[in-house]
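> show me the folded form of this:
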Amino acid sequence: MATVNYKEELGFDKYQKLINSFHKLDKNNDGVLQPSEIGSLFKEAGDELNAQQVVQCMKEIDQNNNGVLDLDEFLLLFVKYKRNEMSDPEKRKSTATRFVNNVELVQNKKESGAVHSYSQPEVRAFSQYINENLAKDPLCQKYLPLEGDDIFTQLRDGVLLIKVINLSAPDTIDERVINKKPKNEFQMRENQDLALTTASSLGCRIVNIGANDIMDGTPHLILGLLWQMIRIGLVSKVNLQMHPGLAKLVNTEAGETLKDLAALSPEDLLIRWVNYHLANAGTDKRISNFSEDIKDSEAYIYLLNEIVPKELKNEIASPHSVMCNPKMLERAETTLDSADKMDCRKFVTPQDVLDGNYKLNLAFVANLFNNYPGLHEEDEPVAPEEIITETREEKTFRNWINSLGLCTPPTVKQKWEARHINNLYRGLADGLIILAIEDTIKPGLVDWSKIKFPPFKVNQAEILSRQNCKYAIDYAAKIQGIKLVAVGGDDIYDERETLVLGLVWQLMRAYTKNILDNLSTGGAGVKPQADVEQFIISWVNGKLEESGKESRIVDFRDKSIQGSRPIADLIDAIRTEVVDYSLLDNDSSPEVLLSNAKLAINWGRKIGARIYALPEDVVEMKHKMVMTIFACLMERGLQNR
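Numbering: from 1, shown residues only. Next comes the predicted model:
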């Protein structure tokens, strides 16, 4: 068939809606629709298909017979439908036609805001996870056990949500600042603000989610937030720092290095880990995802037999005994029974394995890794200096970028949406994230028609990415306050760390100033200034004076900040009755300084300030990070005006 102009055939609005729908259906972000994702659409539309019907649907739609549906095939289906090329009565009965109708149905439901589907398996799995891990916590007794849809009501006052966050990122929220027995909605909202701003600081995408959404028990938003937090906890140890034995997974034949391995996402590392054990087991089975490739249970049963401790070896099923059973559901049951012998039957049911539920199967594998990595000490262990360790500054910048939920503007043919980066330098290396930040700072700055989007052909990837990076530098130079000295697009692509860090810091500062400029109208006691640091300092000191506080700051290296008193005073000036001064200690020992900083940052988050800096940044007087604390508080203060 000749090349189709989809925008012309479908109309721009329809074309854009279909692009968005495709990417929302593509749950594992691999650029194609898998059979499981097509089945999920039918389920969301209330139109159940069995496995055979899904296969039939794929046969009708899949033009190149590769078993998946790419974007062109997806759009072509709607073009044919519009042209009445499917007008034959028999074709009108086909699953492909039902697929078209269901896309339309789900689009309409979501646009009306009346219907939001959610996954009952996720409700069950997340509830079970919370029940098991917080059962002995005294603060959680009145909320547990979660049964049925309790998960949507028991998070209402914020206490349980805060405990889940601390479960995934231990000791992040200082429990001294929690309203443990909230008496009214205002105190509940403070807990919710503390939870949401903390989740944002950890890199969760808290876009279009507010305290009201959690308090109202909005299912799809609550499950989305819980998944992000549970995932953070489960994959926190899937790295070279915690498991140097992962160095075995480096693909030396492809010229890969430890740096390349460290840049992989936890999901990709887990896939490699599974395949490493499958290779050791002598089977030809390999996986590339946690959906289609695990449905037959073969990978799981071989994996379990490889990582099981010797003392439990005779208690689990053999791969042969599992794979000789033609009934897939029974295979999964036997496999999970074996996982139960290792106390690892978590997150998934046999049906979840058979359905290829991506999130729950990822959680199952991550839990296996955390308990039985099976990566024994090498004859020549990896030297500590060879292990790539993420610095606090890199982590702060990465979490800030991830929390923004950046994507290409809706006016652009979207190739990615809300991209999540796992390694700061590798994630920025194609220039797209930097361009999106620049366009956010100064809307309309980027001419997206010049930008190239993946997937790139192998022989073009480097050329096009370097071109994007050059544009990113050109546009950065047009943003007020950004100074580029000896920084070029090649430096971004080549991951020159010092130069990339400098650029990201300037972007973060410009982003912050842009927000403050927009909030400040001159009635806040200070007018926007070109120098963002002086702008913030002037406002802070004005607010402190207005509130009768004795604290003042000269700059962001001011030694008085180290004890956190100016931060606490500013929070109290913005909103009273949040700071408990009796908890602050005037002692200057490192332990006390850290405790004070932890309290101050948590109080700031409790009033809704999205603070990304860490308590250690205050104690060590990292002036860039200290500036961001005051900037976030200023933003909150201007919002409260």
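> quick one, strands of the stretch 301-450 of the chain?
Along the stretch 301-450 of the chain, counting by DSSP state E, counting those that start in this stretch, no stretch forms strands.
> give me the below-cutoff pLDDT ranges for it.
Low-confidence segments of the stretch 301-450 of the chain, defined by pLDDT under 70: 377-388, 408-418.
> and with 80 instead?
376-389, 407-419 (pLDDT under 80).
> how about the residue most central in space within the chain, nearest residue that isn't a chain neighbour?
By C-alpha atoms, centre = their mean, the chain has its centre lying nearest to residue 204, at 4.9 Å. Spatial nearest neighbour of residue 204, chain neighbours left out: residue 228 (4.3 Å); criterion: C-beta to C-beta, 6 or more residues apart in numbering. C-beta here means a position set from N, CA and C on the backbone, and glycine is covered the same way.
> give me the element that neighbour is part of.
helix 219-235 (DSSP states H and E).
> what's the first helix or strand after that helix?
Following helix 219-235 in sequence order, the next helix or strand is helix 258-262 (DSSP H and E).
> can I get that following helix in CSV, CA atoms only?
Output of helix 258-262 as CSV, limited to C-alpha atoms (Å, rounded to 0.1, in the frame of the first residue of the first chain):
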residue,chain,number,x,y,z
LEU,A,258,30.7,-1.5,33.8
LYS,A,259,29.7,2.0,33.1
ASP,A,260,27.3,0.8,30.4
LEU,A,261,25.9,-1.8,32.8
ALA,A,262,25.4,0.8,35.6
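> who touches the helix holding residue 228?
Residues outside helix 219-235 that contact it (C-beta atoms under 8 Å, 6 or more residues apart in numbering): 116-119, 122-123, 126, 129, 149, 151-152, 155, 161, 164-165, 167-169, 196, 199, 202-206, 208-209, 213-214, 266-267, 270, 359, 362-363, 366-367, 370.
> tell me the buried residues in it?
Residues of helix 219-235 classed as buried: 219, 221-235 (neighbour count, 16 or more other C-beta atoms under 10 Å).
> also stretch 446-455?
Going by neighbour count (16+ other C-beta under 10 Å), the buried part of stretch 446-455 is 446, 448, 451-453.
> start to end distance for that stretch?
Chord length of stretch 446-455, first to last residue, is 20 Å (C-alpha to C-alpha, to the nearest Å).
> give me the distance between the two termini of stretch 249-269.
OK, stretch 249-269 end separation, C-alpha to C-alpha: 8 Å.
> again but with stretch 236-249, I slipped
18 Å.
> quick one: contacts for residue 361?
290-291, 294, 347-348, 352-353.
> can you list the domains in the chain?
As assigned by automatic domain parsing, the chain contains the domains 6-112, 120-233, 263-376, 392-515, 523-640.
> now those domains in a markdown table, with distance to residue 246?
Shown next, in a markdown table, are those (distance: least, C-beta to C-beta, whole Å):
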| stretch | distance to residue 246 |
| --- | --- |
| domain 6-112 | 22 |
| domain 120-233 | 18 |
| domain 263-376 | 6 |
| domain 392-515 | 14 |
| domain 523-640 | 26 |
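> lowest average pLDDT across these?
Confidence, taken as mean pLDDT, is least for domain 6-112 of those (a mean of 71).
> what is the longest helix of the protein by residue count?
helix 497-519 (DSSP state H).
> packing partners for that helix?
Packing contacts for helix 497-519, counted by 3 or more C-beta pairs under 8 Å, 6 or more residues apart in numbering; DSSP states H and E, involve helix 392-403, helix 424-428, helix 432-441, helix 461-476, helix 489-493, helix 532-546, helix 623-640.
> can I get the fifth one in PDB? Just the C-alpha atoms.
Extracted C-alpha coordinates of helix 489-493, given in PDB (Å, rounded to 0.1, in the frame of the first residue of the first chain):
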ATOM      1  CA  GLY A 489      26.300  19.400  22.200                       C
ATOM      2  CA  ASP A 490      29.100  16.800  22.000                       C
ATOM      3  CA  ASP A 491      29.700  17.100  25.700                       C
ATOM      4  CA  ILE A 492      26.200  16.100  26.500                       C
ATOM      5  CA  TYR A 493      26.300  13.100  24.100                       C
END
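> list the buried ones in it?
For helix 489-493, burial by neighbour count (16+ other C-beta under 10 Å) applies to 489, 491-493.
> swap in the longest one?
Applying a neighbour-count criterion of 16+ other C-beta under 10 Å, one finds 625-638 buried in helix 623-640.
> repeat that for stretch 505-524.
Neighbour-count burial for stretch 505-524 flags 505-516, 519-520, 524 (criterion: 16+ other C-beta under 10 Å).
> that older thread, how about the buried residues of stretch 446-455 in JSON lines, adding distance to residue 307?
Formatted as JSON lines, the buried residues of stretch 446-455 follow (distance: C-beta to C-beta, whole Å):
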{"residue": "446", "distance to residue 307": "47"}
{"residue": "448", "distance to residue 307": "46"}
{"residue": "451", "distance to residue 307": "44"}
{"residue": "452", "distance to residue 307": "42"}
{"residue": "453", "distance to residue 307": "39"}
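> quick one: which of the residues you listed is nearest to residue 137?
The shortest gap between residue 137 and any of those belongs to residue 453, at 46.1 Å (C-beta to C-beta).
> wait, that closest one sits on residue 432?
Yes - with contact defined as C-beta atoms under 8 Å, residue 453 reaches residue 432; the gap is 7.3 Å.
> pull the CA atoms of the longest helix of the chain into PDB?
What follows is helix 497-519, C-alpha atoms only, in PDB (Å, rounded to 0.1, in the frame of the first residue of the first chain):
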ATOM      1  CA  GLU A 497      29.900  14.600  33.700                       C
ATOM      2  CA  THR A 498      31.200  18.000  35.100                       C
ATOM      3  CA  LEU A 499      29.900  19.900  32.100                       C
ATOM      4  CA  VAL A 500      26.500  18.100  32.100                       C
ATOM      5  CA  LEU A 501      26.100  18.700  35.900                       C
ATOM      6  CA  GLY A 502      26.800  22.400  35.300                       C
ATOM      7  CA  LEU A 503      24.200  22.700  32.600                       C
ATOM      8  CA  VAL A 504      21.600  20.800  34.600                       C
ATOM      9  CA  TRP A 505      22.200  23.000  37.600                       C
ATOM     10  CA  GLN A 506      21.700  26.100  35.500                       C
ATOM     11  CA  LEU A 507      18.500  24.700  34.000                       C
ATOM     12  CA  MET A 508      17.200  23.800  37.500                       C
ATOM     13  CA  ARG A 509      18.000  27.400  38.700                       C
ATOM     14  CA  ALA A 510      16.300  28.900  35.600                       C
ATOM     15  CA  TYR A 511      13.300  26.600  36.000                       C
ATOM     16  CA  THR A 512      13.000  27.700  39.700                       C
ATOM     17  CA  LYS A 513      13.400  31.400  38.800                       C
ATOM     18  CA  ASN A 514      10.700  31.100  36.100                       C
ATOM     19  CA  ILE A 515       8.200  29.700  38.700                       C
ATOM     20  CA  LEU A 516       9.100  32.500  41.200                       C
ATOM     21  CA  ASP A 517       8.800  35.200  38.600                       C
ATOM     22  CA  ASN A 518       5.400  34.000  37.600                       C
ATOM     23  CA  LEU A 519       4.200  33.800  41.200                       C
END
